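*Asks:* Okay, sequence plus prediction incoming.
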Amino acid sequence: MEQVKRLRADGRRNRERIVEVAAELVAREGAQVSLEEIARRAGVGSATLHRHFPSRQALLEAVFRDGVAQLCARAAAKPGKAPADELADWLEEVTVYTVTHRGLAAALLAGPEGLSAEDICCTDLLLNVVKALVARASSVGALHAGATAEDLVKLVNAIAVANENDPTTARRVLRLALTGIRR
């Protein structure tokens, strides 16, 4: 993120526009969308795209990280439900987001090009929220003792990958799975 702050205003605008266009195209066409098409629709040259994002993985991480940051902010902004319901609702929101960004979960899990799995799939952001939600639900005895935040993140991602672009089925499968972790 520091790199973004040091960019000139036009560089920041180009970077933001690239991420915005990439998010739209990935949601519609999948994570293998042409980088040249992203650059063209963003109104920049291919070299500009590659200067900001040296690899497809770096661009996908930026697309995913922005969306996950928004999901995490929403989780923090609306507590107050029963802890188990709060956890289930937020996990459903994450699942639907991941499912509707075709191919993104699988592409980000691929991991190459110098990015760790934690950096690529934004596990750090997700885990902080999930850990807090799991702690609240566990404190009132609403979860099985063995249910961990890490397991729930894996569960959500697996459901998203298995039900790509089918949020209705993903919601149903997640609800079935969450029934198994509740007391």
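*Replies:* That came through fine.
*Asks:* And for Ala142, the neighbour number?
*Replies:* For Ala142, the neighbour count with other CB atoms under 10 Å is 20. (Glycine included, C-beta is placed from N, CA and C.)
*Asks:* Hmm, Pro83 and it touching each other?
*Replies:* Yes - with contact defined as CB atoms under 8 Å, Ala142 reaches Pro83; the gap is 5.7 Å.
*Asks:* Run a quick neighbour tally on His50.
*Replies:* Counted with other CB under 10 Å, residues neighbouring His50 total 14.
*Asks:* Give the helix, strand or coil label for it.
*Replies:* Of the three states, His50 takes helix under DSSP: H, G, I helix; E, B strand; the rest coil.
*Asks:* For it, give me its contacts.
*Replies:* Residues counted as contacts of His50 (CB atoms under 8 Å, 6 or more residues apart in numbering) are Leu35.
*Asks:* Quick check, pLDDT for it.
*Replies:* If you check His50, the pLDDT there is 95.
*Asks:* Check for me that Ile159 belongs to a helix.
*Replies:* Yes - the assignment for Ile159 is a helix, going by three-state DSSP.
*Asks:* and it, what does it touch?
*Replies:* Contacts of Ile159 by CB under 8 Å, 6+ apart are 95, 99, 170, 173-174, 177.
*Asks:* 6 Å instead?
*Replies:* Counting by CB atoms under 6 Å, 6 or more residues apart in numbering, Ile159 touches 95, 170, 173-174.
*Asks:* swap in Val21?
*Replies:* Counting by CB under 6 Å, 6+ apart, Val21 touches 38, 41-42.
*Asks:* Not counting its neighbours along the chain, what's nearest it?
*Replies:* Ala42 (4.3 Å; CB to CB, 6 or more residues apart in numbering).
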